[in-house]
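[1] A structural model of the following input is requested.
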Amino acid sequence: MKTLFQKILDGEIPSKILYRDDLCAAIPDINPQAPTHILLFPTKPIARLAEASPEDAATLSHMMLTVPKIAQSSGLKDGFRVVINNGPLAGETIPHMHIHILGGRQMQWPPG
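    Prediction:
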């Protein structure tokens with residue numbers, strides 16, 4: 001069964017694609033927790049970070065190097081936060097690993 005993100009990439013669910021390349025894509029979060037809240041996810045489904053394999057290393061590295069580019073192009077020049085939820089207790093709601101890029105306001109600590 002396709003994940004929500006796969007359906008978005010296939011055009012089955014409408015969404016504004018903010019960024020896309022061969023390894024990953026980014027969309028705005030539909031339930032933003034900050035003025036800017038973007039989800040970056042691999043085009044190849046990886047259920048969660050803890051289930052990534054050594055073969056996923058290049059994709060994960062590429063995604064982390066893509067985060068600052070997306071943040072910059074989204075106007076997050078003064079800082080941004082990166083979050084990856086892993087499992088239900090961490091708040092994971094979509095079984096397709098993704099990176100939350102949050103910014104546009106002062107972040108608080110601790111986060112959760």
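[2] which parts of this protein are strands?
    19-20, 24-28, 36-42, 81-83, 99-103 (DSSP state E).
[3] what's the helix ranked longest in the chain in contact with?
    Scanning the chain for the helix with the most residues, using DSSP state H, yields helix 57-73. Where contact means Cβ atoms under 8 Å, 6 or more residues apart in numbering, the residues beyond helix 57-73 that reach it are 18-19, 21, 23-24, 26, 38, 40, 42, 44, 46, 49, 52, 80, 82, 99, 101, 103. In this view, the C-beta of every residue, glycine as well, is placed from N, C-alpha and C.
[4] quick one on the thing from earlier: now the strands of the chain as JSON lines including distance to Pro111, mean pLDDT and mean neighbour count?
    As requested, those are exported to JSON lines (distance: least, Cβ to Cβ, whole Å; pLDDT from 0 to 100; neighbours: other Cβ atoms under 10 Å):
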{"stretch": "strand 19-20", "distance to Pro111": "24", "mean pLDDT": "98", "mean neighbour count": "14"}
{"stretch": "strand 24-28", "distance to Pro111": "20", "mean pLDDT": "98", "mean neighbour count": "20"}
{"stretch": "strand 36-42", "distance to Pro111": "14", "mean pLDDT": "98", "mean neighbour count": "21"}
{"stretch": "strand 81-83", "distance to Pro111": "7", "mean pLDDT": "97", "mean neighbour count": "16"}
{"stretch": "strand 99-103", "distance to Pro111": "10", "mean pLDDT": "98", "mean neighbour count": "22"}
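[5] and those: which comes nearest Pro110?
    strand 81-83 (12.2 Å; Cβ to Cβ).
[6] just the buried positions in stretch 50-61, please.
    Asp56, Thr59, Leu60 (16 or more other Cβ atoms under 10 Å).
[7] do stretch 63-80 as well
    Met63, Thr66, Val67, Ile70, Ala71, Ser74, Leu76, Phe80.
[8] go on, stretch 105-112?
    So for stretch 105-112, nothing qualifies as buried (16+ other Cβ under 10 Å).
[9] sweet, I'm off.
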